[in-house]
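Novice: dropping the sequence and predicted coords here.
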Amino acid sequence: MSVETATRPLRRASFLGRTAGVIREMASRPSGLIGLLLVTLHVTLALLAPFFVPYDYKEVSSQLMLKAPSAAHWFGTDHLGRDVFTRTLLGGRDALMVTSIATPIAVIWGGFLGSSSASSAGAWTTL
């Protein structure tokens with residue numbers, strides 16, 4: 001080891017480099033690859049749904065109430081005659097929004113409770 005390499009500061013991996021490493025590690029296992037593909041599919045469908053849904057999600061039709069799945073309505077229609085496939089795809093966006101808000105709140109609250117419990121013995125440890 002030369003003096004030059006010994007005194008050179010270590011370079012930290014960038015966020016994208018670490019993320020790519022985690023994805024590579026997940027994809028190296030069959031179960032991780034399947035999970036990664038499913039999550040990617042769901043997120044992609046949720047984000048791109050407004051561009052390829054066949055009907056308006058608010059469109060009500062009394063002639064289409066409670067119809068079985070068909071070529072025109074893949075998941076059928078609900079009790080108001082709305083297309084269930086359209087509403088399912090567009091509902092994915094709402095689910096993504098809720099999880100992107102709820103997850104940081106849960107992490108912060110859990111970190112607070114964990115830190116409080118670790119720093120003080122007593123009532124917090126029985127929660």
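Specialist: Sure thing, it's come through. Numbers count the residues shown, from 1 in each chain.
Novice: ok, Phe85 - contacts?
Specialist: Contact partners of Phe85, counting by CB atoms under 8 Å, 6 or more residues apart in numbering, are 53-54, 73-75. Every C-beta, even on glycine, is put in place using the N, C-alpha and C of the backbone.
Novice: phi first, then psi, for it.
Specialist: Backbone torsions of Phe85, given as degrees, to the nearest 10, read phi -60, psi -50.
Novice: how much space separates it from Ala71?
Specialist: Note on Phe85: its distance to Ala71, by CB to CB, to the nearest Å, is 11 Å.
Novice: quick check on the contacts of Phe85: which are buried?
Specialist: Neighbour counting with 16 or more other CB atoms under 10 Å marks 53, 73 as buried within these.
Novice: now the contacts of Phe85 in JSON lines, with secondary structure, distance to Met97 and pLDDT?
Specialist: Output for the contacts of Phe85, formatted as JSON lines (DSSP: H, G, I helix; E, B strand; the rest coil; distance: CB to CB, whole Å; pLDDT from 0 to 100):
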{"residue": "Val53", "secondary structure": "coil", "distance to Met97": "17", "pLDDT": "92"}
{"residue": "Pro54", "secondary structure": "coil", "distance to Met97": "23", "pLDDT": "90"}
{"residue": "His73", "secondary structure": "coil", "distance to Met97": "26", "pLDDT": "93"}
{"residue": "Trp74", "secondary structure": "coil", "distance to Met97": "24", "pLDDT": "94"}
{"residue": "Phe75", "secondary structure": "coil", "distance to Met97": "22", "pLDDT": "95"}
